[in-house]
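Q: Just to be clear, the model below is a prediction. Sequence and coordinates:
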Amino acid sequence: MVHVSRRMALVMTLAASLSAAGATAQTIRTTNGPVAGVAADGVVSWKGVPFAAPPVGDLRWRAPQPPVPWTAVREAKAYANDCMQRPFPSDAAPLGTPPAEDCLYLNVWAPAQPAAAKLPVMVWIHGGGFVNGGSSPAVYDGQHFARRGIVFVSANYRIGRFGFFAHPALSREAASEPLGNYGYLDQIAALKWVRANIAAFGGDPANVTLFGESAGGGSVNTLLVSPLARGLFHKAIVQSGGGRAGGLMKPRALPEAEQAGLAFAKGAGITGEDAAALTALRKLPAATIVGGLNLMTAGPQRETYGGPMIDGKVVVEEPEVAFRAGRQMKVPYMIGANDREFGFMVPPPDAVDGMLARFGAERDQVVAAYDTGRTGNLGEVAVGLVSDTAMVEPARLLARLASRAGQRTYAYRFSYVASSERKAAAGALHATEVPFVFATVRAKYAEATTGEDVALGEAANAYWAAFARTGDPNGDGRPQWPAYDETTDRIMDLAVGGPVAKADPWKARLDFIERAAASAPAP
């Protein structure tokens, strides 16, 4: 009797502690099997849910396959491994789990209180240059979107040589299948999982917003024009995702990507283009496939890793080409970039001269447009040129093309710098908008977070959630965000002091970038 009493006391203590934390188990039956998540503080989360079979062994460099179904309830209370990589020490969103090749899992957050109608869905694609990143970083927590009535999904996708790899032996093995862009195929598989399963979590499969940052934003643009992604999402948000053909995220042609694959294989001691070579490649240890590749080393490794490619099935053309021809999905579209994207790397003087040379007779006018204070600091001019060329002007280009096609389009600039960073940072660097969009600023800045930081995060999070709900970011008394019209060129600046809509103050300098791009030889 005493033993039973102690057991009962233990159970009651555990129940009390769970109640105090506001946490209870929640089980949902997916098409593959039941998963148990956790409800806490008004939000339910399911983490580490398989959406594809582990892409290991013979499934390395294959399109994602369905997971093996299960019948027992699967615990979905912690992130699964992020995809195999060499973590980047200065990553703005450090991983929360160790990387592994078995990584095709996703996470779902939803309001704990059931809604009368199906809720809008947001699907997040992380950045990382197609070589780093995952869904586990603390700044990607979806609970704040869930509190705004969104069913939020984040998913892993293969990166590096696991996600983007071509080789003649692969081309022969699966000539009729999509080749090379396995990371994009993973993203598409996650969207198909959402279409099949999200209603069970309270989400509306007919109201899905796809959004991402950096490589994730570039992925959104790519899926907008991919035949294999048609109909899988209904709104799109691109954060610092480039967009000009031949730009920062230019895909390689498949033959060129095959040459990179051959060069990698040769470095690993594997020659030949037959099935035996492919078998040997699939037996290489995962660490050998990584080969030290990350954001720091991607440039020097370009001969053995080319990233995404035009394979003819997943990727048939670059986004700009498709947008100009009106072949993109005509969905509500939000796009923008940060005001000082690449302020962390100031080019050397000789590089600055080379950058300015492309403007020919307009060189001095370009310098004046970027150095408005007449400081003579060409390093800062170069930072502006690099940032605008890679991200800011391409965002304006795609906003123009989308709005011309009749898509409801919203353009933004993110210039807010966290209170604790303002003495050291002259503008918003690449990826610094992410914790504000997710309203996870405390996860990023901890005790240095101020009320002003939190308020800007609440505003950004509300704009993004409203756009996902209706295709219009406005409402609830927030400053009005006008739809984009190139004749007025009005953007929303998420700035110190709060969001403000205005005519783009950088129009003149972006026009220089546009003219230079138009006069450059075709990529």
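A: Sure, I can see it. Residues are numbered from 1 along each chain as shown.
Q: Wasn't G354 part of a helix?
A: Yes: residue state for G354 (DSSP: H, G, I helix; E, B strand; the rest coil) corresponds to a helix.
Q: Surely I28 is within a strand?
A: Yes: under three-state DSSP, I28 falls within a strand.
Q: Count the neighbours of it for me.
A: 19 (other C-beta atoms under 10 Å). No exception for glycine: its C-beta is placed from N, CA and C like everyone else's.
Q: quick one: contacts for it?
A: Residues in contact with I28 (C-beta atoms under 8 Å, 6 or more residues apart in numbering) are P34, V35, G37, W46, A200, F201.
Q: pLDDT at it, what is it?
A: Looking at I28, its pLDDT stands at 97.
Q: How about it, nearest residue that isn't a chain neighbour?
A: A200 (5.1 Å; C-beta to C-beta, 6 or more residues apart in numbering).
Q: mind pulling up the phi and psi values for G498?
A: phi 110, psi 170 (degrees, to the nearest 10).
Q: can you check N338 too?
A: Note on N338: backbone dihedrals following degrees, to the nearest 10 are phi -90, psi 160.
Q: and if you look at N156?
A: phi -80, psi 160.
Q: Against G183, how distant is it?
A: 10 Å (C-beta to C-beta, to the nearest Å).
Q: circling back to that earlier point, just put the contacts of I28 in CSV and tack on pLDDT, neighbour count and distance to P394.
A: Rendered in CSV, the data for the contacts of I28 read as follows (pLDDT from 0 to 100; neighbours: other C-beta atoms under 10 Å; distance: C-beta to C-beta, whole Å):
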residue, pLDDT, neighbour count, distance to P394
P34, 98, 14, 44
V35, 98, 25, 39
G37, 97, 25, 38
W46, 98, 24, 36
A200, 97, 13, 38
F201, 97, 24, 35
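Q: Closest one of these to A483?
A: F201 (31.0 Å; C-beta to C-beta).
Q: how about the closest residue to T450 other than its chain neighbours, what does it touch?
A: With C-beta to C-beta, 6+ apart as the criterion, T450 has its nearest non-adjacent residue at 4.2 Å, and that residue is S419. With contact taken as C-beta under 8 Å, 6+ apart, S419 is in contact with A448, T449, T450, E452, D453.
Q: hmm, back to that, ok, N156 and G183, which is more surrounded?
A: More neighbours surround N156 than the other of N156 and G183, with 31 against 25 (other C-beta under 10 Å).
Q: send the alpha carbons of stretch 262-275 over as CSV?
A: Output of stretch 262-275 as CSV, limited to C-alpha atoms (Å, rounded to 0.1, in the frame of the first residue of the first chain):
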residue,chain,number,x,y,z
LEU,A,262,33.5,13.9,-61.5
ALA,A,263,36.1,16.2,-60.0
PHE,A,264,34.8,15.4,-56.5
ALA,A,265,34.8,11.7,-57.2
LYS,A,266,38.3,11.8,-58.5
GLY,A,267,39.4,13.6,-55.3
ALA,A,268,37.8,10.8,-53.3
GLY,A,269,39.7,8.2,-55.3
ILE,A,270,36.8,7.1,-57.5
THR,A,271,37.1,7.2,-61.3
GLY,A,272,34.8,6.1,-64.1
GLU,A,273,31.3,6.9,-65.1
ASP,A,274,29.6,3.5,-64.6
ALA,A,275,27.4,1.9,-62.0
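Q: roughly how far out does that stretch sit from the chain middle?
A: Its chain's C-alpha centre lies 32 Å from the corresponding centre of stretch 262-275 when counted by C-alpha atoms, centre = their mean, to the nearest Å.
Q: outside of that stretch, which residues touch it?
A: Applying C-beta under 8 Å, 6+ apart, the contact partners of stretch 262-275 are 161, 165, 167-169, 172-173, 277, 280-281, 284, 288, 291, 303-305.
Q: tell me the SS of A189?
A: Secondary structure for A189, judged by three-state DSSP, is helix.
Q: what's the neighbour count on it?
A: Neighbourhood size, A189 [other C-beta under 10 Å]: 21.
Q: Also R74?
A: 18.
Q: Please name the residues that touch the closest residue to G42 other than its chain neighbours.
A: Leaving aside its sequence neighbours, G42 sits nearest to A112 (C-beta to C-beta, 6+ apart; 5.1 Å). By C-beta under 8 Å, 6+ apart, A112 lies in contact with Q26, A39, G42, V43, V44.
Q: Helix or strand: which one has G261?
A: In the assignment (DSSP states H and E), G261 maps to helix 254-267.
Q: I'd like the next helix or strand past that helix.
A: Next helix or strand after helix 254-267 toward the C-terminus (DSSP H and E): helix 275-283.
Q: Can you report phi and psi for the residue nearest to T450?
A: According to degrees, to the nearest 10, S419 has phi -50, psi -40.
Q: Please report how far it lies from D453.
A: Counting by C-beta to C-beta, the gap from S419 to D453 is 6 Å.
Q: now S136
A: In terms of C-beta to C-beta, S136 sits 23 Å off from D453.
Q: So L295: helix, strand or coil?
A: Per three-state DSSP, L295 ends up coil.
Q: do the same with the one 5 residues further on
A: Each residue gets one of three states, and P300 gets coil by three-state DSSP.
Q: what's around the closest residue to L378 other than its chain neighbours, how many residues?
A: Closest residue to L378 apart from its sequence neighbours, by C-beta to C-beta, 6+ apart: V352 at 4.8 Å. Residue neighbour count, defined by other C-beta under 10 Å, stands at 20 for V352.
Q: For V352, which residues are in contact?
A: L378, G379, V381, A382.
Q: Wait, the last one touches A351, no?
A: Yes: counting by C-beta atoms under 8 Å, a contact exists between A382 and A351, whose distance comes to 6.9 Å.
Q: Could you verify that G336 is part of a helix?
A: No: G336 sits outside any helix when classified using three-state DSSP, being strand.
Q: Grab the nearest non-local neighbour of it.
A: Computed as C-beta to C-beta, 6+ apart, the closest residue to G336 that is not its neighbour in sequence is Y412, at 3.4 Å.
Q: in what helix or strand does L397 lie?
A: Using DSSP H and E, L397 sits in helix 393-404.
Q: That helix: which residues count as buried?
A: Buried residues in helix 393-404, defined by neighbour count with 16 or more other C-beta atoms under 10 Å: E393, P394, A395, R396, L397, L398, A399, R400, L401, A402, S403.
Q: Dump that helix to CSV, keeping only the CA atoms.
A: C-alpha atoms of helix 393-404 as CSV (Å, rounded to 0.1, in the frame of the first residue of the first chain):
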residue,chain,number,x,y,z
GLU,A,393,17.9,45.6,-56.8
PRO,A,394,16.9,42.0,-57.7
ALA,A,395,14.1,42.2,-55.2
ARG,A,396,12.9,45.4,-56.8
LEU,A,397,13.1,43.8,-60.3
LEU,A,398,11.0,40.8,-59.3
ALA,A,399,8.5,43.1,-57.5
ARG,A,400,8.1,45.0,-60.7
LEU,A,401,7.7,41.9,-62.9
ALA,A,402,5.2,40.3,-60.5
SER,A,403,3.1,43.5,-60.2
ARG,A,404,3.1,43.9,-64.0
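Q: which other helices and strands contact that helix?
A: helix 319-325, strand 333-338, strand 409-414, helix 507-519 (3 or more C-beta pairs under 8 Å, 6 or more residues apart in numbering; DSSP states H and E).
Q: Including mean pLDDT, distance to G427 and mean neighbour count, could these go into CSV?
A: Shown next, in CSV, are the helices and strands packed on helix 393-404 (pLDDT from 0 to 100; distance: least, C-beta to C-beta, whole Å; neighbours: other C-beta atoms under 10 Å):
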stretch, mean pLDDT, distance to G427, mean neighbour count
helix 319-325, 98, 26, 20
strand 333-338, 98, 7, 28
strand 409-414, 98, 9, 25
helix 507-519, 95, 14, 16
